[in-house]
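Enquirer: Give me the fold of what follows.
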Amino acid sequence: MERRKLRVLRALANISLLSLVFGAILNLLAELLGNYYALAVGILVVLVTFYCYRRADAEEATSVSYYAWRYLPTLLFVAMPIGVYWYGSDGQWTLTEILLLTEIFTSYVLPILCLLYVERVLKKAQQ
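Expert: Presented below is the predicted three-dimensional model:
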């Protein structure tokens, strides 16, 4: 595949990742903080994520620092709030909570993980 096409595909994967992280933050924080605060936090999260992705871009696809910069925003802004929610809930889960976590996993976590893998493969192909 030509280099320009690989760059376009990587850019599309990165845009998709940023939008998924932004959507996850808005979904997780809208009820907790209110709409305006969730939007402000969401924009801040996207900027931090974009910065981390740019730092990862400067690294080799097989290096540890690439993985650290690439996965850090996902762990901090998606996995950590889910973990806090799970840890903070009292013993018995209701069906509503189970459905909410299933929705978050299938709508955000799984697509983010798949796109991170696709982006890594594209970066290796580009090098």
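Enquirer: what's around the spatially closest residue to A125 that is not a sequence neighbour, how many residues?
Expert: The spatially closest residue to A125, leaving aside those adjacent along the chain, is L6, at 5.8 Å (C-beta to C-beta, 6 or more residues apart in numbering). Where C-beta positions appear, they are placed from N, C-alpha and C, glycine not excepted. When counting by other C-beta atoms under 10 Å, one arrives at 16 neighbours for L6.
Enquirer: roughly how far apart are L6 and V46?
Expert: Look at L6 and V46: by C-beta to C-beta, to the nearest Å, they are 24 Å apart.
Enquirer: Name the residues that touch the helix or strand hosting A125?
Expert: Mapping A125 onto the secondary structure by DSSP states H and E places it in helix 110-126. Outside of helix 110-126, the residues that reach it under the criterion C-beta atoms under 8 Å, 6 or more residues apart in numbering are 1, 3, 6-7, 9-10, 13-14, 16-17, 20-21, 24, 57, 61-62, 66, 70-71, 74, 78.
Enquirer: Model confidence at Y51, what's the number?
Expert: pLDDT recorded at Y51 is 91.
Enquirer: what comes up buried for the longest helix along the chain?
Expert: Assignment by DSSP state H gives helix 3-33 as the longest helix of the chain. For helix 3-33, the neighbour count (16 or more other C-beta atoms under 10 Å) marks 6, 9-10, 13-14, 16-18, 20-22, 24-30 as buried.
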